[in-house]
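1. here is a sequence with its predicted model. Questions after.
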Amino acid sequence: MSDITKATTFMLLSTFSLSLSGLMAKYLSEVMPISLLSFVRFLLPSLFLFLFLTFYKISKPTREMWKPLVMRAIFMVACQWCFLTSLQTLTLVEGVVLFSTGPLFIPLLEKLIFRTKIHTTTIVCLAVTFVGVVMMAGDWSQFELGSEFFRPALLLGLLAGVFNSGSQVSLYRASKTSLTPAELNAWTFLVAAIIVIPMVVFTSVSAVPDVLESAEKGFVSALLSFDDLRWIALGALGLALFTINTQIFRSKAYKLADSGSQLAPLIFTNMLFSALWQGLFFDDVFSTQQMIGINLIVVASITNTLLAKRHSKTKANQKPHTTVAVATVATVATVVDVAVLDSAAKS
């Protein structure tokens, strides 16, 4: 089996696990505070990975490795907060579609960070995505100035895609370090969990008055039942395991790939898996306009990814030609010099 075939297999396993983690997150976001859910989502995978690594050697990141790790952790926290918050209002497919626009924003990040040129096709795809988001917002006939036509959850979903692109760029850089995929994700999740702690503390403090009010009305009735707690615990455990599988398989895929653009189109298989879970576990029905909007976003994202892959391949093919041309010029110059010296010697 070739490296690219192995990388493709790992990427599909990653997106399958990602769709299942999205399903678990959809359920947990409706029964847990977002800050606590984010903390659990990062802390549990980190603990499981470090427990697994105790049977092997655990490598500590060097000073150079910490920068991509911390950057990825920051992007992951922002991405998950936006994604989980949007899932409280959006359907699973809507949230996943907006979350999957991450590759579309990678050129924008490269423009801001590395001052690279943005292709016209990227701008067109962004415009099509915006139209798709507007169509997902609802029925145009209900639009009135000052109304809730533009749902804030849609903007949060798009922001999740923006931060997801930053996470992917940081992951590709971090995956090229000497850390194994398990070590890489264990340290990243730990840093992300530490970053979320202030959010959990702030949310807990602000929730104290509500807890006291509930206690006055009946503390026992305010608590969740044992069955509810059991399902929440199982959901949190499943979310942690699926999150680990997603990141481990994706890190392995990126390690085997020559570039991140080779595997980027496969990220969108997450939408297909999520659509399957949507049909099996939820009764949400989309209007024709919303379906058109979702399809516009999917087509724009896939088109931009494929064109980006084509541009990178064209640049890679141009470099050898340039090298050959320079070598040819140098060879001709050497032959001319030898001929001149030979003529001078004969004279």
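-> Everything's here; your move.
2. on the three-state scheme, residue 272 is what?
-> Following DSSP: H, G, I helix; E, B strand; the rest coil, we place residue 272 in the helix state.
3. show me the contact partners of stretch 37-46.
-> Under the contact criterion Cβ atoms under 8 Å, 6 or more residues apart in numbering, stretch 37-46 has outside partners 25, 28-29, 32, 76-77, 80-81, 84, 185-186, 189-190, 192-193, 196-197, 199-200, 236-237, 239-241, 243-244, 247. Where C-beta positions appear, they are placed from N, C-alpha and C, glycine not excepted.
4. spit out the contact partners of the closest residue in space to residue 91 that isn't next to it in sequence.
-> Leaving out its chain neighbours, the residue that sits closest to residue 91 by Cβ to Cβ, 6 or more residues apart in numbering is residue 284, at 4.5 Å. If you count contacts by Cβ under 8 Å, 6+ apart, residue 284 has them with 91-93, 278.
5. now pLDDT and neighbour count too, for those residues, in JSON lines please.
-> Below are those laid out as JSON lines (pLDDT from 0 to 100; neighbours: other Cβ atoms under 10 Å):
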{"residue": "91", "pLDDT": "87", "neighbour count": "19"}
{"residue": "92", "pLDDT": "88", "neighbour count": "21"}
{"residue": "93", "pLDDT": "86", "neighbour count": "22"}
{"residue": "278", "pLDDT": "86", "neighbour count": "22"}
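6. name the element the residue lying closest to residue 129 once chain neighbours are set aside belongs to?
-> Spatial nearest neighbour of residue 129, excluding adjacent residues (Cβ to Cβ, 6+ apart): residue 300 at 4.7 Å. Assigned by DSSP states H and E, residue 300 belongs to helix 288-346.
7. repeat for residue 284
-> Judged by DSSP H and E, residue 284 forms part of no helix or strand.
8. which phi and psi does it have?
-> Residue 284 adopts backbone torsions of phi -70, psi 130, taken as degrees, to the nearest 10.
9. distance check, it against residue 82.
-> 20 Å (Cβ to Cβ, to the nearest Å).
10. same thing with residue 187?
-> Using Cβ to Cβ, one gets 23 Å for the distance from residue 187 to residue 82.
11. what number of residues lie near residue 53?
-> 15 (other Cβ atoms under 10 Å).
12. got any ranges where the stretch 101-250 of the chain has weak pLDDT?
-> 113-116, 137-150, 205-227 (pLDDT under 70).
13. now, of the contacts of stretch 37-46, which are buried?
-> By neighbour count, with 16 or more other Cβ atoms under 10 Å, these hold 25, 28-29, 32, 76-77, 80-81, 84, 185-186, 189-190, 192-193, 196, 199-200, 236, 239-241, 243-244, 247 as buried.
14. residue 24 touches residue 235, doesn't it?
-> Yes - counting by Cβ atoms under 8 Å, residue 24 does reach residue 235; the two are 5.1 Å apart.
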